[in-house]
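Undergrad: kindly generate the corresponding structure for this input.
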Amino acid sequence: FKYIWLRQIVVGICSMMKKSKSKPMTQILERLCRFEYITVVIFPEDVILNEPVDKWPLCDCLVSFHSKGFPLDKAVSYANLRNPLLINDLNTQYHIQDRREVYRILQQEGIDLPRYAVLNRDPDKPDECNLVEGEDHVEVNGEVFPKPFVEKPVCAEDHNVYIYYPTSAGGGSQRLFRKIGSRSSVYSPESNVRKTGSYIYEEFMPTDGTDVKVYTVGPDYAHAEARKSPALDGKVERDSEGKEIRYPVMLTAMEKLVARKVCLAFKQTVCGFDLLRANGHSYVCDVNGFSFVKNSMKYYDDCAKILGNIVMRELAPQFHIPWSIPTEAEDIPIVPTTSGTMMELRCVIAIIRHGDRTPKQKMKMEVRNPMFFELFDKYGGYKTGKLKLKKPKQLHTRRGHYIITHGSPFFSIPVFSRYGHFSGINRKVQITYLPHGQPKTSSEEEDTRKECPSLLLVLKWGGELTPAGRVQAEELGRAFRCMYPGGQGDYAGFPGCGLLRLHSTYRHDLKIYASDEGRVQMTAAAFAKGLLALEGELTPILVQMVKSANMNGLLDNDSDSLSGCQHRVKARLHEIMQKDQEFTEEDYDRLAPTGASSVVNSMRIVENPVMTCDQVYTLIQSLTSQIRKRLEDPKSADLQLYHSETLELMLQRWSKLERDFRMKSGRYDISKIPDIYDCVKYDVQHNATLGLEDTLELFRLSRALADIIIPQEYGINKVEKLDIAYAYCLPLVKKIQLDLQRTHEDESVNKLHPLYSRGVMSPGRHVRTRLYFTSESHVHSLLSTFRYGGLLDEEKDQQWKRAMDYLGAVSELNYMTQIVIMLYEDNNKDPSSEERFHVELHFSPGVKGCEEEEKAPMGFGFRPASAENDQKQTDPGSLEDLSRDEPDRALPLSEPMGIHRRSPLIRNRKTGSMEVKSHTHNLLLSHVVLQSGSQCWRSVYGVKCSEFSPYHIMCVSPQVLSETSSSKAGSYRLFPSCSRQSPEMKQSGLGGCLLPLCSLTRSDLGLVSPPPILALTVSGGNAK
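TA: All right, here's what the predicted structure looks like:
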């Protein structure tokens, strides 16, 4: 009995050494060996080639595949002799070596192929060798192929594929071959087809220069990526590490069905094939058999896990190994909701602000020179009265400068050249037509102001996503996986990251949207890279996965075209902030009528706005003086600051603020306060090593002013806030409403066809994810909609009041601020029941940056225990495992933490599942108390090099996304109060009833916290 219990399942790897020792195979086998009952044996190449099959090692499961020089006949004989479990069928590998057989099988399975004909130069089959060649076409066995067409050798091992071009395009041919260095094809002037050998001739498919490579691991899993087509120019695109650039690709429902068909038709569990996307359809043009993805840790994790589970499922009963098919949390996306019930996650919607950026800079001027009117007319500016130019050729005039005129003098300002090559992704010029010229700003200008038409020229530069911003977005993307079933709080853990499994097993419907600002688009791409464990540069991800064009103002707004309400609000702000006296009670009522504690606290710090502006102006003068002295010092002249900025450029941005902040009249331009705070925050966080004096005082004062001005620019009272929010985010709110509707037209995009869904648990179910990346204005507006839209009554609902109090205490919506909406469904409830649906709203105010932020309000993440855990029977690898591994600690705020972290997915008792070795990262762990009755859980959410912002729970009514307000009370549950706190919580700064959050160490990157929770249960009708 003991011998049977310890019996190992031997997996044999029978292939050429080049394949068995390759990096992908090595990575996958290392993971496969983590199954307790699996042992891997690699057959030596010498044995394979020179020994008879009865001398080959014994195995219970065989992974064997053909490549150049491999004796496939011997492998077939071995399989017949030993009868092991075959991962990839061996006999069908003969078919894969012949393109004719591949196409025959594909046709037999009803899979779309390019139109083709076979030319067999076989003496025994003369009727299959009829070729007529014309100048711009060939006729093969009666089938005519006009150029361009493709000529493929029938032998799949021959990679010399030719594409012939028509004479109208210059003729000749492109000759493809297996990659040699950085070349995969060359152009040849030869236009005549080959006269020896057998070939397949097929129609050329226009694919916009990309080929899609699909890799299956079993019929229910596929990884897809695109590369630049070798037919394009033959140059292999490589990233900064020398790897071929692969573009991440999301397969359509039909393509997923094709992947399943290919895997089953060729009986190849691990199988690669090529897709051509052309004319709105997808065509399979090649099947490669056993193929691995290169350089994807996520794929290695998934592949090993799936293969291991296949082996254990098939062989464990035979060897009496006590193993059962693991039911992964992600197979059916069911999780505990905030109310403690178990429901299926159906939809995740996130609205996220961009990451850390360089200071935005802007220059405005009125112009009347005819050159600008010609430019305005050339690009259609008169149609709308506005024009936005982002392309270099639209602006680049003479000597590399951008000609700008202000009044009558002509002068050249190389504004955009200061920061390197002009790029439309982060620099632009806006031109607005003024029929009667610029409105006068003072009575003194009344006599001099001309009434003739003019153009308002606005130049914008800077605002570029920094390296820190990219890291923030990518790390938040990784951490965001925890929002999905199977994430288990550990975004980097192996093997059970639920979001990645959900995505790769076809049940994740993901769309990513971004505004047209470069920093927003790159944030979205970096987030997607982290979320889906993608590899490589951001540009390919941006091109393939982020939608930013033709969105009809969904995430964009023209900040220079303010609504009438916003103009009035700014004028009132300007008036109040110009008073040279301490704020009176009347000023508090006028400036903070909503009673937001963040605004009130900032007004108390400011006291007298004009005196505070005087101090700020004096500190700016001191700062520019210090920078000038540094420039005069030869040792500092060539000093490089953060993100390749120079001292000269730093001086230019501060000198401009010094000039613009204090006007000629002696009054202060309040609109420059956000820019001042923006600049000093950037320098305090990224250029602190300069040691400039009084920067922290400038930061403190400018922040206090900014905390009054920035949120109030979106409305001072509730009516104004809703009015401005309506102007900014009505299209976005409508889109969110459509996203939550179960009958939305694209719901079936990522579902498997029912006939092909065996083996996928809950195949008809999927999780829809919609990610919207935008700027601060949309986040402010959306929060105003939630806060002041009459969703719940604060006087009647204490939970909602606590949530609103928390939002009122948040002074700044920093980089990576998140609002997340999650929809759940309980399939056991009647469709008309109010308990059928449940919605949670999560909110986090984003990154924490500077040391002055230790008084930030504390939020409360809430996810109670489910009923099945009432007996405290912890599933191996659960959060409670991790909480036992890493007890709470009180940590000094001035020191970074280096925590030895164990994956929450480690199994203490291995039962066929994988085990991960412990590894060390510099992590900051946010411990969140989760209570349900007497039971308390702790959720651990880790992000590298980070400091977390607080986060909080809100609760709203079912009418949250209905078009018309309703006074009917929604079905919602209040959360139990926190009556007790552990000593560890108190020491870590986790204070306050329902609002605990630990304060962590400061970091230059300042990464984000997870979005905490706002919860509600929704009636069946309203959930639609």
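Undergrad: quick one: the helices in the stretch 301-450 of the chain?
TA: Counting by DSSP state H, counting those that start in this stretch, the segments of the stretch 301-450 of the chain that form helices are 370-378, 392-395.
Undergrad: worst average pLDDT in the ones you listed?
TA: Here the lowest mean pLDDT among the helices of the stretch 301-450 of the chain goes to helix 392-395, at a mean of 60.
Undergrad: give me the element the closest residue to residue 295 other than its chain neighbours is part of.
TA: Spatially, and ignoring its direct neighbours in sequence, residue 295 is nearest to residue 535 (5.2 Å; C-beta to C-beta, 6 or more residues apart in numbering). Every residue, glycine included, has its C-beta placed from N, CA and C. Per DSSP states H and E: residue 535 is located in neither a helix nor a strand.
Undergrad: might one say that residue 535 is in contact with residue 245?
TA: No - taking C-beta atoms under 8 Å as the definition, residue 535 is not a contact partner of residue 245, at 9.5 Å.
Undergrad: among those two, which residue is more densely surrounded?
TA: residue 535 (21 against 17; other C-beta atoms under 10 Å).
Undergrad: quick one: pLDDT of the more buried one?
TA: Value for residue 535, per-residue pLDDT: 70.
Undergrad: need the contact list for it.
TA: Residue 535 makes contact with 243, 246, 295, 296, 529, according to C-beta atoms under 8 Å, 6 or more residues apart in numbering.
Undergrad: buried stuff in stretch 567-583?
TA: 569, 570, 573, 576, 577, 583 (16 or more other C-beta atoms under 10 Å).
Undergrad: circling back: out of the contacts of residue 535, which comes closest to residue 303?
TA: residue 296 (9.3 Å; C-beta to C-beta).
Undergrad: quick one: the closest residue to that closest one other than its chain neighbours and residue 294, what's the gap?
TA: Spatial nearest neighbour of residue 296, excluding adjacent residues (C-beta to C-beta, 6+ apart): residue 535 at 5.7 Å. Counting by C-beta to C-beta, to the nearest Å, the separation of residue 535 from residue 294 is 9 Å.
Undergrad: who touches both of the two?
TA: In contact with both residue 535 and residue 294: 243, 246, using C-beta under 8 Å, 6+ apart.
Undergrad: element containing residue 470, please.
TA: helix 467-480.
Undergrad: sorry, slip of the keys, the one I care about is residue 827.
TA: Applying DSSP H and E, one finds residue 827 in no helix or strand.
Undergrad: can you spell out which helices and strands pack onto the helix holding residue 470?
TA: helix 518-531, strand 935-944 (3 or more C-beta pairs under 8 Å, 6 or more residues apart in numbering; DSSP states H and E).
Undergrad: check the ones you listed for me: which has the lowest mean pLDDT.
TA: strand 935-944 (a mean of 24).
Undergrad: let me see the ranges of the strands in the stretch 651-800 of the chain.
TA: Along the stretch 651-800 of the chain, the segments classed as strands by DSSP state E, counting those that start in this stretch run 767-774.
Undergrad: for it, which spans come out with low pLDDT?
TA: Applying pLDDT under 70 to the stretch 651-800 of the chain picks out residues 742-765.
Undergrad: for the strand ranked longest in the chain, which positions count as buried?
TA: For the chain, the longest strand by residue count, based on DSSP state E, is strand 342-353. Burial within strand 342-353, assessed by neighbour count using 16+ other C-beta under 10 Å, is assigned to 343, 344, 345, 346, 347, 348, 349, 350, 351, 352, 353.
Undergrad: all strands of the stretch 101-250 of the chain, in order?
TA: Using DSSP E, counting those that start in this stretch, strands in the stretch 101-250 of the chain cover 116-119, 131-133, 137-140, 143-146, 149-153, 161-164, 173-180, 183-188, 199-203, 210-217, 222-228, 247-248.
Undergrad: so where is the stretch 401-550 of the chain shaky, pLDDT-wise?
TA: Checking the stretch 401-550 of the chain against pLDDT under 70 turns up 401-427, 439-450, 486-507, 536, 540, 543-544, 549-550.
Undergrad: please report phi then psi for residue 41.
TA: Per-residue torsions, residue 41: phi -120, psi 120 (degrees, to the nearest 10).
Undergrad: for residue 317, same thing?
TA: Dihedral pair for residue 317: phi -60, psi -40, per degrees, to the nearest 10.
Undergrad: count the neighbours of it for me.
TA: Neighbours of residue 317 using other C-beta under 10 Å come to 12.
Undergrad: sorry, back to before: redo the strands of the stretch 101-250 of the chain as JSON lines? Include mean pLDDT, mean neighbour count and distance to residue 590.
TA: What follows is those, written out as JSON lines (pLDDT from 0 to 100; neighbours: other C-beta atoms under 10 Å; distance: least, C-beta to C-beta, whole Å):
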{"stretch": "strand 116-119", "mean pLDDT": "95", "mean neighbour count": "21", "distance to residue 590": "76"}
{"stretch": "strand 131-133", "mean pLDDT": "93", "mean neighbour count": "13", "distance to residue 590": "86"}
{"stretch": "strand 137-140", "mean pLDDT": "94", "mean neighbour count": "18", "distance to residue 590": "80"}
{"stretch": "strand 143-146", "mean pLDDT": "95", "mean neighbour count": "15", "distance to residue 590": "76"}
{"stretch": "strand 149-153", "mean pLDDT": "95", "mean neighbour count": "22", "distance to residue 590": "73"}
{"stretch": "strand 161-164", "mean pLDDT": "93", "mean neighbour count": "22", "distance to residue 590": "72"}
{"stretch": "strand 173-180", "mean pLDDT": "86", "mean neighbour count": "16", "distance to residue 590": "69"}
{"stretch": "strand 183-188", "mean pLDDT": "85", "mean neighbour count": "16", "distance to residue 590": "68"}
{"stretch": "strand 199-203", "mean pLDDT": "96", "mean neighbour count": "22", "distance to residue 590": "72"}
{"stretch": "strand 210-217", "mean pLDDT": "88", "mean neighbour count": "22", "distance to residue 590": "58"}
{"stretch": "strand 222-228", "mean pLDDT": "83", "mean neighbour count": "22", "distance to residue 590": "57"}
{"stretch": "strand 247-248", "mean pLDDT": "70", "mean neighbour count": "23", "distance to residue 590": "52"}
